[in-house]
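# Structure for this input, please:
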Amino acid sequence: MTEKYISKTVQKVPPSGIRKFFDIASEMKECISLGVGEPDFDTPWNIRESAIYALESGRTHYTSNHGSTDLRNEIIRYMSVRFSLSYELPQVVVTIGASEALDLAFRAIMNPGDEVLVPAPSYVSYMPGISFAGGVPVPMELNESDNFIITPQSIKQAITKKTKAIVIAFPNNPTGAVMTREDYEQIVPIIIENDLLVISDEIYAELTYGDAHCSIASLPGMAERTVVINGFSKAFAMTGFRLGYSAGPRPVIDAMVKIHQYSMLCASAFSQDAGVEALRAGLGGGFPQVTKMKNEYNRRRRLMFARLNEMGLTCFEPLGAFYIFPNISKTGLRSDEFCERLLYEQKVACVPGTAFGGEAGNDFVRCSYASSLENLKEALCRIKRFIDGL
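Numbers count the residues shown, from 1 in each chain. Next up, the predicted model:
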């Protein structure tokens with residue numbers, strides 16, 4: 001009866017494919033979940049302690065809509081030191097996680113019918129977020145043979161006269177792919193020639209296992225047309241703090257702040273103080289806690305890569321984030337069926353590749369290695385049993 005009141009746009013967007021399998025796994029005894037992308041480490045103590053001190057000091061009130069000056073100054077310093085990006089205070093807004101920053105960016109630039117190019121496969125929220133903002137998401141199919149990076153050809157096949165922006169999402173969720181400066185140099189001329197705005201989601205920037213992360217905003221002519229999205233959840237194991245930020249051209253940031261001030265107002269003051277500590281202490285000491293977590297992820301990454309390939313689930317080597325994207329086509333199963341059977345027959349939860357971009361991910365599943373080495377070893381044994389039994 002009440003369905004008639006629901007927005008047609010909302011009705012058309014399917015539920016998250018990630019949450020479906022996570023919800024089932026959470027109710028299943030002895031299930032090992034390789035589904036949700038959340039660090040399995042506790043937030044470092046110095047960061048938690050700063051949040052506790054902020055609460056004890058009465059830091060429980062609103063901050064500026066832009067975010068606290070202290071945190072924005074630390075973000076500016078961090079982005080300069082780590083990624084060679086230069087911003088001023090009005091060009092930075094603190095948000096409720098990187099997810100809100102993405103939502104604000106889409107809503108700030110979208111007019112009805114505007115098209116946005118989105119890598120496929122990529123994070124599940126991009127396409128729905130664009131739709132909710134009144135835009136039209138257009139998938140750019142990324143190929144395993146290209147190591148799942150954006151190529152000039154993938155842009156040219158998807159771009160139209162209605163294209164307004166492009167989402168860049170590297171290191172990539174779900175594939176673990178990264179793009180180098182040389183890779184970006186191949187696509188920047190096309191972006192500039194077509195006057196596209198870039199929404200660059202760099203939430204996994206600290207989690208690369210080869211060369212240091214390169215932001216597309218650091219290339220000539222790109223800072224003035226790139227909105228960088230980042231946050232504290234992944235690198236600093238601060239998912240529950242819900243703290244993110246965006247930096248970019250002032251007109252876009254001003255528009256994002258306008259939406260933010262009418263909706264979320266500001267991120268929590270004590271979370272912002274925790275963010276100050278994370279960046280200030282990290283820059284002062286070379287981010288040893290982040291490095292420690294990354295080294296452990298790297299150890300797990302190598303294990304997953306070797307074992308999955310050994311059992312016939314071939315995959316290219318992921319060089320960022322904490323996901324691996326094995327190709328399951330040799331099993332003869334579609335990704336949804338593979339994940340459902342694996343869950344019920346061996347109690348291992350993975351996410352179908354179709355959750356990250358429809359048919360582009362049908363021959364793949366996403367496995368997160370943000371879990372203990374013990375859990376990963378047991379999960380790999382169960383996956384092998386499942387494969388052997390097919």
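
# now the stretch 101-250 of the chain, which segments are flagged as low pLDDT?
Filtered on pLDDT under 70, the stretch 101-250 of the chain yields no residues whatsoever.

# Would you state the strands of the stretch 51-200 of the chain in chain order?
Chain-ordered strands for the stretch 51-200 of the chain, with DSSP state E, counting those that start in this stretch as the definition, fall at 92-95, 115-120, 136-141, 163-169, 197-201.

# what about stretch 352-369, average pLDDT?
Stretch 352-369 shows an average pLDDT of 89 in the prediction.

# picking up where we left off before, kindly reformat the strands of the stretch 51-200 of the chain as a markdown table containing distance to residue 239 and mean neighbour count.
C-beta here means a position set from N, CA and C on the backbone, and glycine is covered the same way. Listed next are the strands of the stretch 51-200 of the chain as a markdown table, based on distance: least, CB to CB, whole Å; neighbours: other CB atoms under 10 Å:
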| stretch | distance to residue 239 | mean neighbour count |
| --- | --- | --- |
| strand 92-95 | 14 | 26 |
| strand 115-120 | 23 | 25 |
| strand 136-141 | 25 | 19 |
| strand 163-169 | 18 | 23 |
| strand 197-201 | 16 | 24 |
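
# For residue 376, which of those strands is the nearest?
With distances scored as CB to CB, the stretch of these nearest to residue 376 is strand 163-169 (24.6 Å).

# which residues are contacting the closest one?
Strand 163-169 is contacted by residues 109-111, 114-119, 122-123, 126, 135, 138, 140, 150, 155, 179, 191, 194, 196-201, 216 when judged by CB atoms under 8 Å, 6 or more residues apart in numbering.

# Direction-wise, compare it with strand 115-120 and give the angle.
Between the axes of strand 163-169 and strand 115-120, defined by axes from the mean of the first three to the mean of the last three CA atoms, to 10 degrees, the angle is 20 degrees.

# Break this structure down into its domains, please.
Following automatic domain parsing, the chain resolves into domains at 2-43+289-388, 59-285.

# which of the ones you listed sits most buried?
Counting by mean count of other CB atoms under 10 Å, domain 59-285 has the highest mean neighbour count of the domains of the chain, with a mean of 20.

# what's the span of that domain from first residue to last?
Length of domain 59-285, first residue to last, CA to CA, to the nearest Å: 26 Å.

# Next: stretch 32-51.
OK, stretch 32-51 end separation, CA to CA: 31 Å.

# now the helices for the stretch 151-300 of the chain?
152-158, 181-193, 250-263, 269-285, 288-310 (DSSP state H, counting those that start in this stretch).

# Of all these, which one is nearest residue 5?
Closest to residue 5 of the helices of the stretch 151-300 of the chain is helix 250-263 (CB to CB; 21.0 Å).

# I would like the residues contacting the closest one, please.
Residues outside helix 250-263 that contact it (CB under 8 Å, 6+ apart): 65-66, 90-93, 95, 100-101, 104-105, 107-109, 197, 227, 246-247, 266.

# can we see that at 10 Å?
64-67, 87-88, 90-96, 100-101, 103-109, 133, 197, 199, 224-227, 246-249, 266-267 (CB atoms under 10 Å, 6 or more residues apart in numbering).

# Hmm, residue 122 is touching residue 129, no?
No: judged on CB atoms under 10 Å, residue 122 makes no contact with residue 129 at a distance of 11.6 Å.

# how about JSON lines for the strands of the stretch 51-200 of the chain, with distance to residue 381 added?
Conversion of the strands of the stretch 51-200 of the chain to JSON lines gives the following (distance: least, CB to CB, whole Å):
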{"stretch": "strand 92-95", "distance to residue 381": "41"}
{"stretch": "strand 115-120", "distance to residue 381": "32"}
{"stretch": "strand 136-141", "distance to residue 381": "34"}
{"stretch": "strand 163-169", "distance to residue 381": "32"}
{"stretch": "strand 197-201", "distance to residue 381": "34"}
